[in-house]
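1. Okay, sequence plus prediction incoming.
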Amino acid sequence: MARRGRILAAVMPSDSAATEKNDSDNKRGDLSVTALYTAATWNWGGLSGADLLASDDARRVFRITNFALGLACVFKREAPSLRNALLHRHTMIDHLALASGCRQFLELAAGLSRRGIAMSADPAMRYTEVDLAPMTAHKRRLLERTERGREALRRPNLRLVEGDVLEADLAGLVDRAEALFVIAEGLFMYLQPEQQRTLWRKLRGLFEGVGGSGGCRGTFMFDLVPACEQPRPGAADNALGWLMKRFTGGKGFERDARTRDEIAAELREAGFDEVEMLEPASVAEAWGLPYPEVPTQQLLFVARVRGESRAG
């Protein structure tokens, strides 16, 4: 999966409005190529709301990337399917979010995720997305093309918020009367370990004083495959990594020596009470994931806060 991620980010820079680059505002570089590919993947997978975010740019990135990956399979027959891996990741998160019983959701670096559109169709759900201004503006433009998209934008329970998740005041986006479910999909692979730890502590603070009931306490979940579990990059991968940095303002995938257990320990040190680690192979059949027979490499960390505390 990580090797294919390097290919994905390198094959093609988009010329859409989502690729506007502002080095002072976007400190992590322009990662919109991955957003375009994932948007096309959700549409390919038939996920609800994904058609509202489809575009010619996304289809072109999807087609060219898959062609490049097909060529790579000639030399690496065991290489896993990128689109299936992303589809497994996305639908696993969907399952966990809906099964949590929570009604308040905060998605960080949401990109062109269709999850908020789908979940906010239920007026009892409140969904807030946070991403950088160019991406958020692009998403609004895509939704404004259709009546269904415009209807989604008018929903009072769906908010698209501009901001850098490392710097934004996320606490101001949280209703303290409701339990909270925080999602960060496809984000932490781009952050350095210390940035990850800083954000984990910041997110743990969001759960202080938050109320909840039943099975929904406080949950933070994200995906991250430790570098030690990823295939070692070869010469072609290094070249693709160099190209990725050219297209993303110098930003590549972060690699460090931590194991999954060490990452889980750091989450507990940040104040989370329980940390669960889930892979597609262990839940694909039970959760009804699409294409359950296709092996993929993903790892979800689900960090929970016990208790039902309220601010006094």
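-> Now that the structure is in, tell me what you want to look at. Numbers count the residues shown, from 1 in each chain.
2. Give me the below-cutoff pLDDT ranges for this structure.
-> 1-31, 72-80, 212-216, 232-255, 308-312 (pLDDT under 70).
3. can we see that at 50?
-> Across the chain, residues meeting the criterion (pLDDT under 50) sit at 1-30, 215, 234-236, 238-240, 242-244, 246-248, 309-312.
4. for it, which residue is closest to the average position?
-> The centroid of the chain falls nearest to Glu185 when counting by Cα atoms, centre = their mean (1.7 Å).
5. dump the residue contacts of it.
-> 89-90, 93, 107, 109-110, 113, 222-223 (Cβ atoms under 8 Å, 6 or more residues apart in numbering). No exception for glycine: its C-beta is placed from N, CA and C like everyone else's.
6. from those residues, which would you call buried?
-> Of all those considered here, the ones buried according to neighbour count by 16 or more other Cβ atoms under 10 Å are 89-90, 93, 107, 109-110, 113, 222-223.
7. any chance of these in TSV, plus distance to Ala270 and secondary structure?
-> Formatted as TSV, the entries for the buried ones among the contacts of Glu185 read as follows, by distance: Cβ to Cβ, whole Å; DSSP: H, G, I helix; E, B strand; the rest coil:
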residue	distance to Ala270	secondary structure
Arg89	22	helix
His90	25	helix
Ile93	20	helix
Glu107	20	strand
Ala109	19	coil
Ala110	22	coil
Ser113	24	coil
Phe222	12	strand
Asp223	17	strand
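8. what about stretch 156-176, how long is it end to end?
-> When the termini of stretch 156-176 are compared using Cα to Cα, to the nearest Å, they are 18 Å apart.
9. Could I get the full set of helices for this structure?
-> Here the chain has its helices, by DSSP state H, at 2-11, 32-44, 56-75, 82-99, 115-119, 133-143, 147-154, 193-206, 235-247, 260-269, 280-283.
10. Which of these sits closest to Glu167?
-> For these, the distance to Glu167 is smallest for helix 193-206, at 9.8 Å, taking Cβ to Cβ.
11. And the closest one, what does it pack against?
-> With contacts defined as 3 or more Cβ pairs under 8 Å, 6 or more residues apart in numbering; DSSP states H and E, helix 193-206 has these neighbours: strand 180-184, strand 218-223, helix 260-269.
12. between these, which gets nearest to Val302?
-> In terms of Cβ to Cβ, the element of the helices and strands packed on helix 193-206 nearest to Val302 is strand 218-223, at 4.6 Å.
13. Excluding covalently adjacent residues, which one is nearest to Glu129?
-> Distances taken as Cβ to Cβ, 6 or more residues apart in numbering put Ala110 closest to Glu129, at 3.7 Å, once the chain neighbours are dropped.
14. next one: Glu279
-> Using Cβ to Cβ, 6+ apart and skipping residues adjacent in sequence, the residue nearest Glu279 is Leu299, 5.8 Å away.
15. Surely the one you found touches Asp223?
-> Yes. Leu299 is within contact range of Asp223, at 6.4 Å (criterion: Cβ atoms under 8 Å).
16. what are the phi and psi angles of the residue nearest to Glu279?
-> Leu299 has phi and psi values of phi -140, psi 120 when expressed as degrees, to the nearest 10.
17. quick one, what contacts it?
-> Taking Cβ under 8 Å, 6+ apart as the definition, contacts of Leu299 comprise 223-226, 229, 260, 277-279.
18. Got a ChimeraX select line for the buried ones in those residues?
-> Selection of buried members from these for ChimeraX, criterion 16+ other Cβ under 10 Å:
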select :223,224,225,226,260,278,279
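19. Tell me the one of the contacts of Leu299 nearest Met135?
-> Within those, proximity to Met135 (Cβ to Cβ) peaks at Asp223, which comes in at 18.6 Å.
20. mind listing what that closest one touches?
-> Each residue near Asp223 by Cβ under 8 Å, 6+ apart is listed here: 89, 93, 185-186, 188-189, 298-301.
21. for these, which one is nearest Pro123?
-> Sorting the contacts of Asp223 by how near they are to Pro123, with Cβ to Cβ, puts Ile93 at the top with 21.6 Å.
22. State the distance from that closest one to Lys202.
-> Separation of Ile93 from Lys202 (Cβ to Cβ, to the nearest Å) stands at 20 Å.
23. Same check on Met125?
-> When distances are taken as Cβ to Cβ, Met125 and Lys202 turn out to be 24 Å apart.
24. Mind putting the helices and strands packed on helix 193-206 into CSV with distance to Asp56?
-> Output for the helices and strands packed on helix 193-206, formatted as CSV (distance: least, Cβ to Cβ, whole Å):
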stretch, distance to Asp56
strand 180-184, 28
strand 218-223, 28
helix 260-269, 38
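25. Right, I'll leave it there.
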